Each structure stands twice: as C-alpha cells, then as structure tokens.
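**Q** sharing a model prediction with you, sequence too.
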Amino acid sequence: MNRFIVITFIILLMVACSSPPNALERLKNSGELRVLIKNTPTVYYQGPFGAQGLEYELVQKFASHLGVKLKLIYAHSIPEILTRLDNNEAHLAAARIIATPKREKNFWISSPYHSVNQQLIYRSGTRKPKSIDELPQLAIEVVRQSSQEELLIELNKKFPNIEWQSNVDASVEDLLFLLNEKVLDFTIANSLEFKVNQRFYPELRVAHNLSETQSINLFFSKKSDNSIQKAADLFLYNMRKNNHIKFLAERYYGHLNRLDYVDKRVFQRHIQTRLPKFKTWFIRAGEDFEIDWILLASISYQESHWNPKAVSPTGVKGLMMLTQATAKYLGVRNRIEPRESILGGSRYFADLMDRLPSEIAKEEKIYFALAAYNMGMGHLRDAIKLGKKRGLNSSKWANLKQVLPLLQQPKWYEQTRYGFARGKEALTYVENIRSYYDILKWNVENKKQKPLKIKAFDIKVPAI
C-alpha cells in the first residue's frame, strides 16, 4: 500500500510540475491555423486560378510551414478583425493591417512584410490643398478606429482644430468610391490602398503625404502568449532571406502603375460600349478551355481594343490578333469573325499554358503564357535559359522580368536559339493585361453600385 501511495504521489508531482502547452503547441495539436482575413484586392480574392492574394498566400505558406491546415475567417473591416482577434476567435489576422502605436500596445505584432505611408486623397477637378497646413480647413471623412483616424488624432496635436467625420460602417474602399462620386471632399488612404483603387477611379489624386513610412504586419492576440508570433517572425525572416516576400510583392503589386489616366478612362468606356457585343463568346471560350473569361477578354483588349476588324502592320488580325499561320494551325478560317477569333485565340492560349515547363508554379504560369502569346514560345524558352545562365531562378516571373529586355541586346540574344525578340514589348504586354484584368474583374463584380453610406458617422474633434 505504501508503495502504491509513493508511486501515486510521484505521478501527481510530475503532472503538477509539467508545463502546460503554449499557444503554438496548442495550435499544432489542433491541426488548424485560424486566420482572420478580409476579402479585398491583393489580400484575398478569387483570381484566374481560384483563391489568390498576397496575405492569403503568406498565411497559406505559414500553415504549411507549421504542418497544419489553414482555416480562413472572413471579416468586413479592420476594426472588426481586431475586435474578433482580441476575443481570441483566431490565431492571427492577415489583412494588410498597419502597425500603429495604439495597436502595438494591444496586440502581438510580427516583423513587417510591407510598408506604406498615409495620403490625403481628393478628386481631380476639385480644390487641391497647397500644403498640409490647410488640414484644419478641410472636410475629411475616414473610417472609425482606423489607422487614418489614429493619424488625424496625432496630427491634431500639431495642427489644432482638425475636424473630420468618422464613418462607422464604411471601409476605405467605400470612402474612395464616395469621393469619386463627389459625395465627399477628402479622405485618407494608405499608399497601397490608393494604388489598388485608383485603377478603378482614375479621377482620384494624391494631394499630400501625411505620414512617414508605416509597416504592415501580421497581428496576434495578447490574450495568449507570443509563441505563434515568434514562429511567424522566424517564418517571415526565411521568406525574406529566400526572396519569397519579394516575389509575392511583385506578383500582386508589380503592375499597379502600368496604365496612365487616359488608358484607364478609355478602357472603362470600352467596357460599356464594346465588350457587351463579344462577352458571350468570351464566356463560352472560358468554359470550353477552363480559363477565366475575364482574362481572355483582357488579352483581347490588349491585342485589339475589342475591334474585330483590327489589323497590325505585321498582318495579324481580329479580336485576338492571330497570325495567318496560327489561324491555319487552329482551324480559324476568318480571323476577323469575332466568334472564330475568340475561340481560336483562347485555344491557342490554353495550348501555350500546357506547353510551359513543369517547374513554373501554377499561379505564375499565366504571366509566362501571356509573354509567349506576344513573343512566341521559342523566345520565351530562350529567356528562361538565359536567366538560368545568369544564375537566376527564371521560373519566377519577378526574375524573368529582368531577363526579357536582354533579348533586344546583341550581347545576349546572340547566345540564344531564336535570336532577337522585343522583350521590353512582351514585358509591357503582360503588365498591361494584368492591369486590364484587375479593372475588368472589378467592373464585373461591382457594377451594381454600392449604396451611399453618408449617414453612419459622427463629427469627431479630439481634445488637444
């Protein structure tokens, strides 16, 4: 009996002395990484290959690194995300969240993976403030409990009597829409939010930068220990070391400044006036070849501006600008007939996708196939080989972009099988289509205009 008591005592002592599992260990034991995320351009959205977005890919890779499944929890705004994170509804939040001093006090925050600054935004044709000294005279509206509102509270210490409207329901995207509709006079957005949305609202302009550089980070609740945040920091360190952060940034942000004001305005007009005549055939081609019809329509716009009778100086014709040889190969009898051109060009693009080297990641294949559509598969393979000769992983689009212009220089193209190619033109071609795709997708998804949210605010004048 005494021996049994001693053994029992030892077991109880061992249990009492053992440490409870930390947050990271509990996460791994659950087999699931729960992430609060927002459905918005570049963060998380449905693209040509399904779910995409910088933050989405980042947390997907983090979950894989930890050996667990990813579970996304959707929220409508940053304030909602942070409230739910503080309530321990998720392990972390990934939604392009800026690390402000107030937020740093309330949450564990990872090392940064991107940076922005805050900008005062106005609409072209309205009064532009000469300097930020005029802030107290402006009618500004921002999202309540946002990084923009925190900035105004700080700026009020330097520029007393700033007044603004604090909108409890709207997002930054909503306020930019209202500004474009002339419902608002001014709002504030970070530089990345503005770049993303200016493609849809080309009349919007930056009046002034209002902040120094601010970091974008992953956020973690302080209701648990910081073991998950430490694991994320190590993961992000390796992502930066291996240039994966750079590749993600290039994939989602690298084309944002490609189109100018006129390009955007003309494209928006053509979406209304030209696309409806051919939309049915783009959708049909997308179904036939399992390619996003919006991507096919974007290729066609870059090729012909949706003019079925378009003819280039080199003799390519039609909506998809097929050469005579390609048309013959595809069985296209009449290149300027819209249905034949769209179905033929779509089949050709699908064929290019299938012929790409297997080492190119699925999410990057579109860019390589677009370049091949413009310059030919032979020249694309030359560029990939040339990149490898220069020590680059040229199965990454961010690296191939550095190589394509070299195909115009004798020093480099003389080393290739197919010789000279207009590599800079192919690069511009791909980046333009990426921009057209984003704008057209936004138009398709948002053409039923959002309701004007102009009543859900109060006037905020903080104490000095």
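**A** That came in fine, so what should we check first?
**Q** longest helix of the protein?
**A** The residue-count maximum for a helix in the chain (DSSP state H) belongs to helix 423-446.
**Q** what are the contacting residues of that helix?
**A** 41, 48, 199-200, 254-256, 258-259, 264, 267-268, 271, 275, 294-295, 297-299, 301-302, 367, 370-371, 374-375, 379, 383, 401, 403-408 (CB atoms under 8 Å, 6 or more residues apart in numbering). C-beta here means a position set from N, CA and C on the backbone, and glycine is covered the same way.
**Q** now with 6 Å, please.
**A** Residues outside helix 423-446 that contact it (CB atoms under 6 Å, 6 or more residues apart in numbering) are 199-200, 255, 258-259, 271, 294-295, 298-299, 301-302, 367, 370-371, 374-375, 401, 404-405, 407-408.
**Q** of the residues you listed, just the buried ones, ChimeraX syntax please.
**A** Of these, the buried ones can be selected in ChimeraX as follows, counting by 16 or more other CB atoms under 10 Å:
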select :199,200,255,258,259,271,294,295,298,299,301,302,367,370,371,374,375,401,404,405,407
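**Q** show me the contacts of helix 423-446 that map onto strands.
**A** Judged by DSSP state E, these include no members of strands.
**Q** follow-up on the earlier one: okay, buried residues for the longest helix of the chain please.
**A** By neighbour count on 16+ other CB under 10 Å, the buried set for helix 423-446 is 423, 426-427, 429-443.
**Q** could you do stretch 323-332 as well?
**A** Residues of stretch 323-332 classed as buried: Thr323, Thr326, Ala327, Leu330, Val332 (neighbour count, 16+ other CB under 10 Å).
**Q** can you put those in TSV and add secondary structure and pLDDT?
**A** Output for the buried residues of stretch 323-332, formatted as TSV (DSSP: H, G, I helix; E, B strand; the rest coil; pLDDT from 0 to 100):
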residue	secondary structure	pLDDT
Thr323	coil	90
Thr326	helix	91
Ala327	helix	92
Leu330	helix	91
Val332	coil	93
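**Q** quick one: which of the residues you listed is nearest Ser110?
**A** Nearest to Ser110 among the buried residues of stretch 323-332 is Thr326, at 48.6 Å by CB to CB.
**Q** Provide the backbone phi and psi angles at Val43.
**A** Per-residue torsions, Val43: phi -80, psi -60 (degrees, to the nearest 10).
**Q** next, count neighbours for it.
**A** Other residues near Val43 number 20, with proximity taken as other CB atoms under 10 Å.
**Q** and Arg205, what element?
**A** strand 204-209 (DSSP states H and E).
**Q** mind listing what's buried along that strand?
**A** Leu204, Arg205, Val206, Ala207, His208.
**Q** make TSV from these and add pLDDT and distance to Asn190 to it.
**A** As requested, the buried residues of strand 204-209 are exported to TSV (pLDDT from 0 to 100; distance: CB to CB, whole Å):
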residue	pLDDT	distance to Asn190
Leu204	95	14
Arg205	95	15
Val206	96	11
Ala207	96	14
His208	95	14
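**Q** what's the spatially closest residue to Ala398 that is not a sequence neighbour sitting at in phi/psi?
**A** In space, and not counting its chain neighbours, Ala398 is closest to Glu250: 3.8 Å by CB to CB, 6 or more residues apart in numbering. Phi and psi for Glu250, reported as degrees, to the nearest 10, are phi -70, psi -40.
**Q** residues near Ile360, how many?
**A** 20.
**Q** for it, list the residues it contacts.
**A** Ile360 touches Phe368, Ser395, counting by CB under 6 Å, 6+ apart.
**Q** mind pulling up the phi and psi values for it?
**A** Torsion angles, degrees, to the nearest 10, at Ile360: phi -80, psi 130.
**Q** domains in this protein, by residue range?
**A** 23-115+216-253, 118-211, 261-446 (automatic domain parsing).
**Q** tell me the spacing between Ala369 and Leu256.
**A** 21 Å (CB to CB, to the nearest Å).
**Q** neighbour count winner among those two?
**A** Ala369 (26 against 19).
**Q** wait, that one sits on Asp354?
**A** No. Applying CB atoms under 6 Å as the test, Ala369 and Asp354 come out as separate, 9.1 Å apart.
**Q** could you point out which residue ranges in the stretch 301-450 of the chain have low pLDDT?
**A** Low-confidence segments of the stretch 301-450 of the chain (pLDDT under 70): 447-450.
**Q** for it, what spans make up the helices?
**A** Remark: helices assigned in the stretch 301-450 of the chain by DSSP state H, counting those that start in this stretch are 324-330, 338-355, 362-375, 377-389, 397-403, 410-413, 423-446.
**Q** quick check: angle from the last one to helix 377-389?
**A** By that I understand helix 423-446. If you take axes from the mean of the first three to the mean of the last three CA atoms, to 10 degrees, helix 423-446 sits at 110 degrees to helix 377-389.
**Q** what's the angle from helix 423-446 to helix 362-375?
**A** 120 degrees.
**Q** can I get stretch 273-282 in PDB, CA atoms only?
**A** Coordinates of each C-alpha in stretch 273-282 appear next as PDB, following Å, rounded to 0.1, in the frame of the first residue of the first chain:
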ATOM      1  CA  THR A 273     -19.600  50.200 -75.300                       C
ATOM      2  CA  ARG A 274     -17.600  47.400 -76.900                       C
ATOM      3  CA  LEU A 275     -17.400  44.400 -74.600                       C
ATOM      4  CA  PRO A 276     -21.100  43.600 -74.500                       C
ATOM      5  CA  LYS A 277     -21.000  42.600 -78.200                       C
ATOM      6  CA  PHE A 278     -18.500  39.900 -77.500                       C
ATOM      7  CA  LYS A 279     -18.900  38.900 -73.900                       C
ATOM      8  CA  THR A 280     -21.000  35.800 -74.600                       C
ATOM      9  CA  TRP A 281     -18.200  34.400 -76.700                       C
ATOM     10  CA  PHE A 282     -15.500  35.100 -74.100                       C
END
